[in-house]
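Novice: Need the 3D shape of this:
(4 chains)
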There are 2 protein chains.
Amino acid sequence: MTAPRPNPAPTRARRTTIYDLAVLVGASPTAVSAVLNGTWKKRRISASLAERITRTAEEQGYALNLQASGLRREKSRLIGMIVPKYDNRYFGSIVERFEAMARSRDLFPIITCTMRDPALEIQAAREMISHQVDCLIATGATDPDRITAICEGAGVRSLNLDLPGSLAPSVISDNFGGALALTRRILAASASQRHRGEPIPFIGGRASDHNTSERIRGFRAAHDEAGIAVDEAMILATGYAPERAITALADLAARRGALPRAIFVNSTIALEGVLHWTRSTGHFGAMAPHVGCFDWDPLAAILTENIVMVQQDVPAMLEALFGLIDAGTPPPGVSEIPTHFAAPPFPPVAEGP
Amino acid sequence: MTAPRPNPAPTRARRTTIYDLAVLVGASPTAVSAVLNGTWKKRRISASLAERITRTAEEQGYALNLQASGLRREKSRLIGMIVPKYDNRYFGSIVERFEAMARSRDLFPIITCTMRDPALEIQAAREMISHQVDCLIATGATDPDRITAICEGAGVRSLNLDLPGSLAPSVISDNFGGALALTRRILAASASQRHRGEPIPFIGGRASDHNTSERIRGFRAAHDEAGIAVDEAMILATGYAPERAITALADLAARRGALPRAIFVNSTIALEGVLHWTRSTGHFGAMAPHVGCFDWDPLAAILTENIVMVQQDVPAMLEALFGLIDAGTPPPGVSEIPTHFAAPPFPPVAEGP
DNA sequence: ACCTCATGCTACATCGGTTGAGCAGGAGGG
DNA sequence: CCCTCCTGCTCAACCGATGTAGCATGAGGT
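Specialist: Here you go, the predicted structure:
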């Protein structure tokens, strides 16, 4: 029998370090480090040694320990983002694009989804700070200023996206302008089917959140232009659950005796509820209301009659966001990015003769 | 005038460390560390000192440096996941649930989306290893075994989700069973409208990927049961772009002179193309084909006539996944999780009398 | 008075890179 | 022949937290 080893564990081969490589090539750890992180030219390492080191590192499958590297450099090359949900195309495309742009700047993106839970937003922000992110983006946060304050205390830069804060720079959509244009469009489209001076309802979102209140402002402005008074009862900002949109719409239809001929819907999630209700109560085909949706989803665009969707300009928003990031420490302030009507998702099908 | 300071930078207040706290409370850094990470009870620190340290840490807004902590402990409490896309509800819900479950285990989830790009998958895996993740989940990866091999070289555990590999444990859906049940259902629903022995087309996905080939197997098995031969020309695994589904469907309809009465659609992305084409060519209402979709989206469910959607059981899949993670180092092997038909997204609307 | 032991804390090495300072040796100039 | 400079490398400190070993102090026993 062999003598018991001091460490009888399965010796799960420790990760290769620069020290291992240094021994292998017969050089100092310093040289290895310098070669592998690209600073070797200004450290006067010969090309031949560099070549040997690079080759050995590759052979050994060496992977830099970014934890150690970040600790020493006192920055992590990590960029954090918190996002409310992954259940819609808007946040999905924000995240996809954010990752691509971060990566192209040699930053590693860390994204966490907070389920619209304010406590989780704070917790996630703290965790990211502990992981030493160099910068934190709060997307659609319920209390962006709180997050900015926490970041400030830790010396971490922060920026807001989608919902603005007052303490950090913010990039958001032109919610007022988009809602104004959208409301104009569906008012015009439904004009012949509405009574003179009859307003349309606004469904979804929370009146307390900046975006919804700006959209309501744009919605009202379009009505004003058209000389239509908007009764408070037409503003149904019942939150982000589709079920709430259903009951709100049912109540409204019951109160008025009929479904309005046009509806402003504030998100694709509310749209789920709205379309479920209109469909299942027989409002399709000629009966389908004109729907203006402040948000975009390709399936909704394909499958709904009389729908106009406003798409937020995610590429431009992220361009602006990274513009601010690259600019160092810009002052607080809100950049509003114009929205546009969604183009048809596919070119029309060419029919044979 | 004041003398120039050696460091005239804006002195962006350095982060508080345990050393700062040690000075403030008049104790050693060791004591501070022990108190803050909870090991202080077995280290015989008095409750009063612990209380003072905790209070001071809070006052100073101290945030642990997990980079340093991870370096020393030689593990990071980081768990990585790579995901192909954020453009559908399936991966969205996987990510949301993964994050919640990781967090409940006191792991910090790092998720990165690879845009179905094999090179990016490898790059992302390497980056995560450099960040010292304790475990890496490859979701829907094109070459899971390559990722497993890279992880193995670095001593990092890895698991596959959604698409199986042979070198690491995998959790996937029962694609065969789901496709079999789905095909049975739409064959039955469309029986009276199809010619005797007429097969239906299969659209979307890549025949080279495991899930698609299993679904094709289930699709064929259901046809076999019904005594229907499946012509190779009915298998249109044209990839993940909706445009490809459109042209495939148009070609098929042109070849046959009419649109089939039922269609098996392999993803919501392909569904976009299919529904765009059927809608814009007038196939709705009574003309709408029966659609069986192996994937789920609430808007599609609400808006499409004659659709049956198979939903993958994300909660069960992640339960199984974390079961494997918690189990230590399980052997390679594939766990297949049953799928189910999607329930209606909302209860039917109650109509007044 | 002396030994033992528990209590409450501190000292120090360490994790894996990074960085400023510095050393050896040869070339070149005066 | 000496001094300077350049090239090509190494040394040692350090980033912040953690775990092991160990040092005072006082209580209790004999």
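
Novice: Provide the backbone phi and psi angles at A:Pro169.
Specialist: Phi and psi for A:Pro169, reported as degrees, to the nearest 10, are phi -60, psi 150.

Novice: show me what contacts it?
Specialist: Taking CB atoms under 8 Å, 6 or more residues apart in numbering or on different chains as the criterion, A:Pro169 is in contact with A:Leu159, A:Asn160, A:Leu324, A:Pro330, A:Pro331, A:Pro332, A:Gly333, A:Val334, A:Ser335. The way it works is simple: take the backbone N, C-alpha and C, and place the C-beta from them, glycine included.

Novice: so where do the helices sit in chain A?
Specialist: All helices of chain A, identified by DSSP state H, fall at A:18-25, A:29-36, A:47-60, A:66-73, A:89-104, A:118-130, A:144-153, A:175-190, A:210-225, A:242-256, A:268-280, A:298-303, A:314-326.

Novice: residues touching the closest residue to chain B within the stretch 251-353 of chain A, list them.
Specialist: Nearest to chain B in the stretch 251-353 of chain A, going by CB to the nearest CB, is A:Leu303, at a distance of 3.7 Å. By CB under 8 Å, 6+ apart, the contact set of A:Leu303 is B:Leu275, B:Arg279, B:Leu299, B:Ala300, B:Leu303, B:Thr304.

Novice: thinking again about what came up before, for B:Phe341, find the nearest of the helices of chain A.
Specialist: B:Phe341 lies closest to helix A:268-280 among the helices of chain A, at 17.8 Å (CB to CB).

Novice: Which other helices and strands does the closest one contact?
Specialist: Applying 3 or more CB pairs under 8 Å, 6 or more residues apart in numbering or on different chains; DSSP states H and E, we find helix A:268-280 packed against helix A:242-256, strand A:262-265, strand A:290-294, helix A:298-303, helix B:298-303.

Novice: Of the ones you listed, which is nearest DNA strand C?
Specialist: Shortest distance between DNA strand C and the helices and strands packed on helix A:268-280, using CB to the nearest atom of the strand, is found for helix A:298-303: 43.3 Å.

Novice: Flag every residue of chain A that's near DNA strand D.
Specialist: Residues of chain A that fall close to DNA strand D, judged by CB under 7 Å from any atom of the strand: A:26-31, A:34, A:43-46, A:48-49, A:68, A:71-72, A:74.

Novice: Which among those residues count as buried?
Specialist: The neighbour count (16 or more other CB atoms under 10 Å in any protein chain shown) marks A:Ala27, A:Ala31, A:Ala34, A:Ile45, A:Leu49, A:Ala68, A:Leu71 as buried among the residues of chain A next to DNA strand D.

Novice: can you tell me which two in those residues are farthest apart?
Specialist: Pairwise distances across these peak at 26.3 Å for A:Leu49 and A:Leu71 (criterion: CB to CB).

Novice: per-residue pLDDT, A:Lys42?
Specialist: With respect to pLDDT, A:Lys42 scores 86.

Novice: Apologies, that question was intended for A:Ala258.
Specialist: Note for A:Ala258: predicted pLDDT of 89.

Novice: A:Gly61 now?
Specialist: pLDDT for A:Gly61: 93.

Novice: quick one: the nearest residue to it once chain neighbours are set aside and B:Arg146, what's the gap?
Specialist: Once flanking residues are discounted, A:Gly61 sits nearest to B:Gly153: 4.2 Å by CB to CB, 6 or more residues apart in numbering or on different chains. From B:Gly153 over to B:Arg146 the distance is 11 Å, taken as CB to CB, to the nearest Å.

Novice: Ok, A:Leu21 next?
Specialist: Distance, A:Leu21 to B:Arg146, using CB to CB: 24 Å.

Novice: got it, and A:Asp313?
Specialist: Plainly put, A:Asp313 is 37 Å away from B:Arg146 if you go by CB to CB.

Novice: is it true that A:Gln60 touches A:Val23?
Specialist: No - A:Gln60 is not in contact with A:Val23 according to CB atoms under 8 Å; the separation is 11.0 Å.

Novice: Between the two, tell me which one has more neighbours.
Specialist: Each of A:Gln60 and A:Val23 has its neighbours counted (other CB atoms under 10 Å in any protein chain shown); A:Gln60 has more, 15 against 12.

Novice: Which neighbouring residues are in contact with the more buried one, exactly?
Specialist: Contacts of A:Gln60 (CB under 8 Å, 6+ apart): A:Thr16, A:Asp20, A:Leu21, A:Leu24.

Novice: now do 10 Å
Specialist: A:Gln60 sits next to A:Arg15, A:Thr16, A:Thr17, A:Asp20, A:Leu21, A:Leu24, B:Gly153 when contact means CB atoms under 10 Å, 6 or more residues apart in numbering or on different chains.

Novice: residues contacting the third one?
Specialist: Contacts here follow CB under 10 Å, 6+ apart; on that basis A:Thr17 touches A:Val23, A:Pro29, A:Val32, A:Gln60, A:Tyr62, A:Ala63, A:Leu64, A:Asn65, A:Ala68.

Novice: Could you give the number of residues near the third one?
Specialist: Right, A:Val32. Neighbour number of A:Val32 under other CB under 10 Å is 28.

Novice: repeat for the fifth one
Specialist: As a burial measure, A:Tyr62 scores 22 neighbours (other CB under 10 Å).

Novice: That one contacts A:Leu21, doesn't it?
Specialist: Yes - between A:Tyr62 and A:Leu21 there is a contact at 6.1 Å, judged by CB atoms under 10 Å.

Novice: From B:Phe264, how far out is the closest residue to DNA strand D within the stretch 251-353 of chain A?
Specialist: Closest to DNA strand D within the stretch 251-353 of chain A is A:Thr329: 20.2 Å, counting by CB to the nearest atom of the strand. Separation of A:Thr329 from B:Phe264 (CB to CB): 55 Å.

Novice: what does A:Trp40 give?
Specialist: 57 Å.

Novice: who has more neighbours, the two?
Specialist: Using other CB under 10 Å, the more surrounded residue of A:Trp40 and B:Phe264 is B:Phe264, with 31 against 21.

Novice: roughly how far apart are the closest residue to the more buried one other than its chain neighbours and B:Ala301?
Specialist: Leaving aside its sequence neighbours, B:Phe264 sits nearest to B:Phe202 (CB to CB, 6+ apart; 4.6 Å). Separation of B:Phe202 from B:Ala301 (CB to CB): 20 Å.

Novice: Same check on A:Gly328?
Specialist: Using CB to CB, we find A:Gly328 at a distance of 48 Å from B:Ala301.

Novice: neighbour-wise, which of the two wins?
Specialist: Shown here are A:Gly328 and B:Ala301; by other CB under 10 Å, B:Ala301 has more neighbours (21 against 7).

Novice: wait, what's in contact with the more buried one?
Specialist: Contact analysis of B:Ala301 by CB under 10 Å, 6+ apart lists A:272, A:276, A:299, B:293, B:307-309, B:311, B:342-346.

Novice: what do you get if the cut-off is 8 Å, keeping everything else the same?
Specialist: By CB under 8 Å, 6+ apart, the neighbours of B:Ala301 are B:Ile307, B:Met309, B:Ala342, B:Pro344, B:Pro345.

Novice: which of those count as buried?
Specialist: B:Ile307, B:Met309, B:Ala342, B:Pro345.

Novice: Kindly tell me how buried the closest residue to the last one other than its chain neighbours is, as a neighbour count.
Specialist: The one in question is B:Pro345. Excluding the flanking residues, the one nearest B:Pro345 by CB to CB, 6+ apart is B:Pro298, at 4.4 Å. Per other CB under 10 Å, the neighbour tally for B:Pro298 reads 24.

Novice: Which residue, other than its chain neighbours, is closest to A:Trp40?
Specialist: In space, and not counting its chain neighbours, A:Trp40 is closest to A:Ala34: 4.3 Å by CB to CB, 6+ apart.

Novice: A:Ile307 now?
Specialist: A:Val291 (4.5 Å).

Novice: Perfect, that will be all.
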